[in-house]
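1. Would you be able to build a 3D model of this:
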Amino acid sequence: MPRPDEYSRLGQTPGDDDLGSENVFVHFADIRSDRSWHHIENLDDFFRRVYLYHQRSGFLCMILLEIFDLMQFLFVVSFTTFLYGCVDYTLLFGDGDDKSYHKITIDDVLGPFPSCMATSNLFFRSCQILAFIFFIIRLIRSLHNLVKYWEIRTFFHTALLIQSDELANFTWHDILLRLCEVQRKHQMCIHKRDLTQLDIYHRILRFKNYELALINKEILPVTFRLPIFGDFVFLTEGMKRNFEFILFWGPWALFLNSWSLKEVYKRKEARAVLIRRLSTTVFLIGVLNLIFSPFIFIWTVLYSFFSYADMIKREPHLLGSRRWSQFAQLYLRHFNEVDHEFDTRLKAGYKPAVEYINCFTSNALSIIAQNVSFFCGSIAAVIIVLTVIDEDVIAVEYVITIATVTGLIAAVSRSLIPDDNLIFCPEELLEKVLCHVHYRPDSWQGKAHTSEVRAQFSRLFQYKLVFYLEELLSPLVTPFIIMFSLRKKVPQIVDFFRHFTIDIVGVGDVCSFAQLDVAKHGNPQWHNEDNINLSQYNQAEEGKTELSVINFKHTNPDWQAPKEVEEFLTSLTGHVEKGVEYMVGSSLTPLQFPSLQLSYMPQTAEHPIFKGNGVLHKSGPSSLTYPTSSLNTERYPFAAKSQSASDTQAALNSLQILSLHKLHQLRLQRQEPSGSYQQNFQVDLHVPDDRSLDLVPLDQPDPLNSFFINQPVEDLE
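-> Next up, the predicted model:
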């Protein structure tokens, strides 16, 4: 048995769905020893599991997930084999020579079990062998995870002093602060005394930050052009797994282990050799995908059928609903943003995104959908009535099929009929989406009402039916994307990892964009300082660095930001204060400010940030917990009760995001040759809220917008 401070290597299966790390060491902890958590070899793996342990509600839930994941796989394979070899479909469908009318029993239809499970079909036998190998791999991985989860459970009990039944009482931020305290006590990382929140995020999101930067710099191939359909975005879960396998955790990946990039990729003189080597690797991975594509496709079809068939039967209208696409989940994500923080933003932005999409209606499609729903619904209704009158109607051939199909078509058609109460206000709705998702291309500004912007937004917010079809086609399309499109990007990939990888003491190699260094990777068009002179290559596109800084400071208010970041946040806060001061001076209610209505705050004057007639209400500075990048509560006091502090912070975060976008728009206008930067960027005020319609004339400009628009740029900077 190893000593408490020793580590024993345990085989890690490449492709671990949750962690995907290599060279994992099992730490046999002695819970009685203070040294049990000293010098953890693979802190990336350890911190990821700490995060998963908290988010998945502890050891029991994680083990149940592992068990049922294995059981699902066994069920799909076994049940498919049973349906293939043990059911006499000729007798079941009555297509045999025996036309005598007698009741068919289940014993007549089923073959002898378990001998019927054996098959002589070569292809089906190959599928069974591959399924068995894959099951063994997943079983080994699950056993490995069981050991690691128990270690994390011990860590929570002995180091963090959090028992399993208390886990729900702690937020992730609480866990993060305790991890920093444990580092000072036990020295989990021996290379530095203190770990910051950013250091821990770097380890949890090391590969994810690289992936976000590759998408931001348009290096990963996700946008394609077809002669008839034009430009479209195609990114599936299978493609993402292949990209991660090639770049991060595969046997030929760029990383030596989970925290260190191979040294050869840091040397410029090895560029030509690395391009040839990586190009060959990419091509071989594409060929392997092509060879196994039939098996992967069959598995995808089977798993999708068992997962979604019942849902489609009960709620077919869900196929016409929408979800954030795989591309959106990379494009809209900030650097150093863990899963639950990002999911919260997307969920908050879902409703306004639906409202924006639904405000576009096609009269022709609506007419067709209404009539198709009428015809199909009538047929289904007649069959149901006849069945109620006489149940023998069900025995008539194809009656159930007709009723099911017509009912399904009617339900889908009804989902395409727009709501009669919708009001066309795309500009305001898109800005409402912006408050939550934080990103919007410059080309969308002032064009939210156009079909072009709607089509581009649909790439981020796609139909669920389109999502399911893309995932089904992924095994057939992904091999060619890897062999041709990704292979063309190999030189850019090699250059990217050489230029944008930095070694941080106590953390390892990380993507430099994830450092949130506005001086190095900020975009001058998103800054309020003119002395920043960065090359286009080093800039993060669409203000991703600046927006990520705001978000990280919002979710980690205790983070001690570098001087340049603090100056940026302080300057931005000054703009927000000026806007709020302008609002207070106008003596208007919050319902007369669409920019504030677009924030996280409820659209009522009862929000604690407002009192009485809707103007800002005085409260003590201690009531507001948002530090550094908050408004000055002495000059612009907020009424923020303790139970509403999180709402107030979220509202402030939204105001900062909106202010940064407005300042960016003004700077873009100033750079135009005409020198005119007084263009009105106001939003459409057709607010779908009866209360606000009574208070705000539809042609009245937003006073907060007017402040940003009418002020000279020099005063704003």
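
2. contacts, neighbours, all on C-alpha from now
-> Will do.

3. where's residue 224, which helix or strand?
-> Residue 224 is part of strand 223-226 when elements are defined by DSSP states H and E.

4. who's in contact with that strand?
-> 231-234 (Cα atoms under 8 Å, 6 or more residues apart in numbering).

5. cool, stretch 109-121 as well?
-> 81-82, 85-89, 91-92, 125.

6. Now do the buried residues in that stretch.
-> By neighbour count on 16 or more other Cα atoms under 10 Å, the buried set for stretch 109-121 is 109-111, 116-117.

7. in the protein, which spans are strands?
-> Per DSSP state E, the chain carries strands over the ranges 7-9, 25-27, 223-226, 230-233, 255-257, 260-261, 322-324, 461-463, 501-504, 508-511, 610-611, 615-616.

8. quick one, which of the ones you listed is nearest to residue 660?
-> strand 615-616 (22.1 Å; Cα to Cα).

9. Average pLDDT for that closest one, rounded please.
-> For strand 615-616, the mean pLDDT works out to 34.

10. What of stretch 237-257?
-> 94.

11. Other residues contacting stretch 391-407?
-> 376-377, 379-380, 383-384, 386-387.

12. Emit the PyMOL select command for whichever of those residues are buried.
-> To isolate the buried members of these in PyMOL, using 16+ other Cα under 10 Å:
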select buried, resi 376+377+380+383+384
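
13. from the contacts of stretch 391-407, which ones fall inside helices?
-> 376-377, 379-380, 383-384, 386-387 (DSSP state H).

14. need the contact list for residue 200.
-> residue 47.

15. Distance-wise, check it relative to residue 206.
-> 10 Å (Cα to Cα, to the nearest Å).

16. which of the contacts of strand 223-226 sit farthest apart?
-> 231 and 234, at 9.9 Å, using Cα to Cα across the contacts of strand 223-226.

17. Between the two, which has more neighbouring residues?
-> Remark: of residue 231 and residue 234, residue 234 carries more neighbours, 21 against 12, as counted by other Cα atoms under 10 Å.

18. rewinding a little: any of the contacts of stretch 109-121 buried? List them.
-> Counted by 16+ other Cα under 10 Å, those give 81-82, 85-87, 91 as buried.

19. Closest to residue 462 out of these?
-> residue 81 (34.4 Å).

20. How about the contacts made by that closest one?
-> By Cα under 8 Å, 6+ apart, the neighbours of residue 81 are residue 117.

21. Where does the prediction get shaky in the chain?
-> 1-35, 95-102, 119-120, 528-534, 579-649, 671-717 (pLDDT under 70).

22. Geometric centre of it: which residue is closest?
-> Central residue of the chain (Cα atoms, centre = their mean): residue 329, 3.4 Å from the mean position.

23. Any buried residues in stretch 414-426, and which?
-> 414-418, 423-426.

24. actually stretch 159-171, not the one I typed
-> Buried-residue list, stretch 159-171, by 16+ other Cα under 10 Å: 159-160, 162, 164, 167.

25. would you list these in CSV and tack on distance to residue 286?
-> Output for the buried residues of stretch 159-171, formatted as CSV (distance: Cα to Cα, whole Å):
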residue, distance to residue 286
159, 45
160, 45
162, 46
164, 44
167, 43
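
26. Give me the distance between residue 476 and residue 215.
-> Look at residue 476 and residue 215: by Cα to Cα, they are 23 Å apart.

27. For residue 656, state which of the buried ones among the contacts of stretch 109-121 is nearest.
-> residue 81 (57.0 Å).

28. Can you tell me how far the closest one is from residue 240?
-> For residue 81, the distance to residue 240 equals 30 Å [Cα to Cα].

29. Also residue 82?
-> From residue 82 to residue 240 the distance is 33 Å (Cα to Cα).

30. Over to residue 129?
-> As for residue 129, its distance to residue 240 is 26 Å (criterion: Cα to Cα).

31. Equivalent analysis for residue 52, please.
-> Per Cα to Cα, residue 52 is found 20 Å from residue 240.

32. ditto for residue 201
-> In terms of Cα to Cα, residue 201 sits 21 Å off from residue 240.

33. The two: which is more packed in?
-> residue 201 (21 against 16).

34. tell me the contacts of the more buried one?
-> 336-338.

35. that older thread, let me know which of the strands of the chain is the nearest to residue 367.
-> Short answer: strand 461-463, nearest of these by Cα to Cα, at 20.3 Å.

36. Which neighbouring elements make contact with the closest one?
-> Here strand 461-463 touches strand 322-324, going by 3 or more Cα pairs under 8 Å, 6 or more residues apart in numbering; DSSP states H and E.

37. residues touching the residue nearest to residue 44 when sequence neighbours are not counted, list them.
-> Once flanking residues are discounted, residue 44 sits nearest to residue 203: 4.7 Å by Cα to Cα, 6 or more residues apart in numbering. By Cα under 8 Å, 6+ apart, the contact set of residue 203 is 43-44, 47-48, 259, 507.
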